[in-house]
Every structure is written in structure tokens, then in C-alpha cells.
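Enquirer: Okay, here's the prediction I keep looking at, along with the sequence it came from:
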Amino acid sequence: MVTAVRKNGRIFYGWWIVLTTGVGLFLSIAPVFSFTLGVFIKPLIQEFNWSRAEISLGYALCTLMGSGAMPIVGRLVDRYGARRVVVPSLLIFGLCLISFYFLSARLWHLYAVYLAIGIASSGSTPLPYSRVISHWFDKKRGLALGLSMAGVGLGTVVMPSLTQALVTAVGWRIAYVFLGLLVIVIGVPIIGLLLKETPELLGLRPDGEPITQTGRTESRGQQPGLSCREA
């Protein structure tokens, strides 16, 4: 039976992949930007006299732009791998958050930043991470995906409270800078160093199954996938 701990006493690296993707999702657009938006609306209204409708329109544009970019992200992940998509995405997303420090009273400036966030952050959504998890796990794929997605849930609990404390203590501009630095300083290095596309890169097999002398797993052979038309 394949367990989290391999026969040599070491934890199967796939579980470190799960932890890594969980951190990435903890710092993704949903916890860091979407679920903290309500904290920033009141300070933005007070400083720039914008209406809630005007600010909400910017977020709607961000969401639409992100949705439109998802097929492109999927294509890039297939071609270049998840890590080469996620790392630049997190970096640009963090820089966009930091750029709120320089936000002016022009409404188009707010919309431009929101649109940039929608495009940039689409590369750090669950899509690329799910692809990596699917490579590392077969029999325990559901558990691995569930644990990974817990990062989003944890982030949506922690980030709004953290953001509110920051806004109260140092103001909304510095709060955005802090969130951006959090994404860049923590998310980018962890994903860049620890995220491995497939277990074969480390001489491993999905679920930590043992490797025979022929290079195949003992319990199952290589199974073909579906063509694009079949999917």
C-alpha cells in the first residue's frame, strides 16, 4: 500500500507539491484581492469620492478580463509548464497590488490596474496547479486536490482580517503594498523553487509507487489519456 511516507522513511515529494500549491493558492487573486475588496471600498470612496458602483464596475472588468484570459493560460501551461506561467503571474500580480500606492483620482487609472490584475492573476488560479497535482497523483488525486484547494479557503479567512488590521494601522495604500510584497516575497520563491511539473523529473512515479528495473510502476502501467476531441 502506498502511503504518504515511502519505504525509505522519506515523505513522498508529491505531498510537498500539495503544500506548495496550497501556498500559491493562499496568495492568489481570490483571497488577496477579491475577498479584501470590501475592506478597501470605503477608503477609496472617502479619498476619491467614487461611488460603490464605479468601483464595482472596475472589479467586474477585472473578472471579465481574467475569465477571457483563462483559455490562453491553459494553452501556455500546456506548452511551457505550470511553473513558467505561475511565477511571472504572481510577480506581476504583486507589482499590480503595489502600484495601488500610486493610484490617482482618475477613474481610468483604477480601471487600468483592475484590468492588469485580471490578466496577470489568471496565471496563478487553480488551473495550472490542478494540472501539476494531476501529474503527481492518480489514486489519491481527489485528496491531493482537496488539500491544495484548502489554501484558497484558508486565505479567504485570513486575508480580510489581516487587511483590515493593516488599513487601520497604516492606511490603505501601505496595506496594498504589504499584500503585494507578501505575494512576491513568499509566493514567487516558493513556487519557483519547489514546484516540480512531474514526478518523473525527480525519478519518481505518481502516488509514490515503487519503480521496477524496467522503470514502470509495480501496480499499474502507463495509461493513455484522452484526445482533445474526446475530452
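Expert: All right, it came through fine. Numbering: from 1, shown residues only.
Enquirer: pLDDT below threshold where in this structure?
Expert: 1-9, 210-228, 230-231 (pLDDT under 70).
Enquirer: let's go with 50 and repeat that
Expert: 1-2, 215, 217-223 (pLDDT under 50).
Enquirer: What are the boundaries of the strands in it?
Expert: Shown for the chain, no strands are assigned by DSSP state E.
Enquirer: The residue nearest to residue 184 when sequence neighbours are not counted: neighbour count?
Expert: Closest residue to residue 184 apart from its sequence neighbours, by CB to CB, 6 or more residues apart in numbering: residue 94 at 3.8 Å. In short, each C-beta sits where N, CA and C put it, glycine included. Neighbours of residue 94 under the rule other CB atoms under 10 Å: 26.
Enquirer: Would you enumerate the residues in contact with residue 94?
Expert: 180, 181, 182, 183, 184, 187, 188 (CB atoms under 8 Å, 6 or more residues apart in numbering).
Enquirer: swap the cut-off to 7 Å and go again
Expert: 180, 181, 183, 184 (CB atoms under 7 Å, 6 or more residues apart in numbering).
Enquirer: quick one: the last one and residue 91 touch, right?
Expert: Yes: under the criterion of CB atoms under 7 Å, residue 184 lies in contact with residue 91, with a separation of 6.1 Å.
Enquirer: Touching, residue 62 and residue 117? I think so.
Expert: Yes: at 5.5 Å, residue 62 counts as touching residue 117 under the criterion of CB under 7 Å.
Enquirer: Excluding sequence neighbours, find me the nearest residue to residue 111.
Expert: residue 58 (4.9 Å).
Enquirer: So if I had to pick from residue 62 and residue 117, which one is more boxed in?
Expert: residue 117 (27 against 23).
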